[in-house]
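Q: I would like to see how this sequence folds:
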Amino acid sequence: MLPEGWKYANLGEIISHRKGHPFKSNTYKNYGTRVIRISDTTSNSIHSLNPVFIENNGDENLDEFALKHGDIILTTVGSKPHLIDSMVGKAVRIPEEIDGALLNQNLVKLSPNDKFIISDILFLYLKSRNFISYISDLVRGNANQVSISLKDIFAYRVLLPPLPEQKKIAAILSTWDRAIEGTEKLLANSQQQKKALMQQLLTGKKRLPGFTGEWKPHTLSELAVMSSGGTPLSTQKAYFGGNIPWVSIADMTRCGKYISQTEKTLTKSGLDNSSAKLYPKNTVLYAMYASIGECSIASTELSCSQAILGIRTNSKLYFEYLYFYLSFLKEKIKLLGQTGTQSNLNAKMVKAFGINLPPLPEQKAIAAVLTTADEEITALESDLSRLRQEKKALMQQLLTGKRRVTVD
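A: Alright, predicted model coming up:
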């Protein structure tokens, strides 16, 4: 039963649209008027990592393809559908800083008909789980590229509240948007402050109060024992499903700093019949393949794949200090990866890493400061996740009429 005053409409009945222009890539320059391509879009925004421009000399009237702040654009073609930022059907609003840019092909600008729907509500419908699910069921193509027709997009059915109720819904949800935006800024500031702290504390440029001891140069091989893990034969079911955690790089990226639970586990037989080995608690795990430089700490006894190096520090090096030091080196280490189908490290390279080491008490104090910074970041990430979930749940209720608002 429809909420009183609400009605269904096809998306194509309540908007107008403009397809992007087929700009030729051989005309792109590094100056002029910016062109917005599919590759410039992410799931929620437009990035400026590799912008392209055209020299608009007036030979061609391109005004109809110009974008302004707040415009809504939608991708109709996508690549690698398993990656969320490459999916077809992404809805993005044009930020103020790229006002005046031009829309490229395979993108479409959707403009609301203000007799039926306001811009904020249109955007919410395009970001809803229902619309994303609708798109995913209709895309066609292959593993490399997928697309959807405008006919299919415009056939999407929306449930429209009266305009006054739409405006009230948008105003309520904007409260969550402001809270989310504020938390995002706090999180970005905390992450930047931690980065600055690491730069100062892990290089000795800034000393914590009370520490004056000499820092001494070492190679990592002088301070730790290192060995890579292994993988039992996947065809042997008896090797898997035991009580020994087996860390993959995916586990590291999912769990972050500390790891105790893993997606896969080994039996004692799997451990004995492979090059996998047990690492004690507080072993630093270091990714050598794919996501090189990714770093975690074992918070229980565990094993790992051959893509990961287990680093067991001696009495001169505090394991948590090493974790932060390797995390600090991450971007630099990526450049050391061997060229090939993917960048890799090996144990010999890691053993040769240089490290200027403060006395052990200072290492522990530095690690404590950076751990506090991590805890602040984790708390803000939790707040941000909660706010996004609250907005999503409220949006689901308000846009379906399950929860009505009072219009003044």
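Q: contacts, neighbours, all on C-alpha from now
A: Will do.
Q: Just give me the neighbour total for A393.
A: A393 has 11 neighbouring residues, counting by other CA atoms under 10 Å.
Q: Which secondary structure state does it sit in?
A: Counting by DSSP: H, G, I helix; E, B strand; the rest coil, the backbone at A393 sits in helix.
Q: Quick check: it vs D408, distance?
A: 24 Å (CA to CA, to the nearest Å).
Q: the helices in this protein, which residues?
A: Assigned by DSSP state H, the chain shows helices spanning 119-126, 129-138, 150-154, 163-201, 249-255, 268-272, 319-328, 330-334, 347-351, 360-398.
Q: Out of these, point me to the one whose mean pLDDT is lowest.
A: Lowest mean pLDDT of these: helix 330-334, a mean of 79.
Q: In it, which residues are buried?
A: Buried residues in helix 330-334, counted by 16 or more other CA atoms under 10 Å: 330, 333-334.
Q: circling back to that earlier point, of the helices of the chain, which approaches G242 most closely?
A: helix 268-272 (7.3 Å; CA to CA).
Q: per-domain residue ranges of the protein.
A: 7-160, 216-357 (automatic domain parsing).
Q: Endpoints of the shortest one, how far apart?
A: The reference is to domain 216-357. 5 Å.
Q: And stretch 19-34, how far out from the chain middle?
A: Distance of stretch 19-34 from the chain centroid (CA atoms, centre = their mean, to the nearest Å) equals 28 Å.
Q: ok, L208 - how many residues close by?
A: 12.
Q: how near is it to I366?
A: 8 Å.
Q: Please apply the same query to S221.
A: Distance from S221 to I366, by CA to CA: 22 Å.
Q: So for E55, what's the nearest residue that isn't a sequence neighbour?
A: Excluding its sequence neighbours, the residue lying closest to E55 (CA to CA, 6 or more residues apart in numbering) is G32, at 4.8 Å.
Q: remind me which residues of the stretch 201-350 of the chain are low pLDDT?
A: With pLDDT under 70 as the threshold, the stretch 201-350 of the chain has low-confidence stretches at 335-343.
Q: what touches both of L208 and I366?
A: L201 (CA atoms under 8 Å, 6 or more residues apart in numbering).
Q: low-confidence ranges in the stretch 1-150 of the chain?
A: Checking the stretch 1-150 of the chain against pLDDT under 70 turns up 57-59, 79-86, 143.
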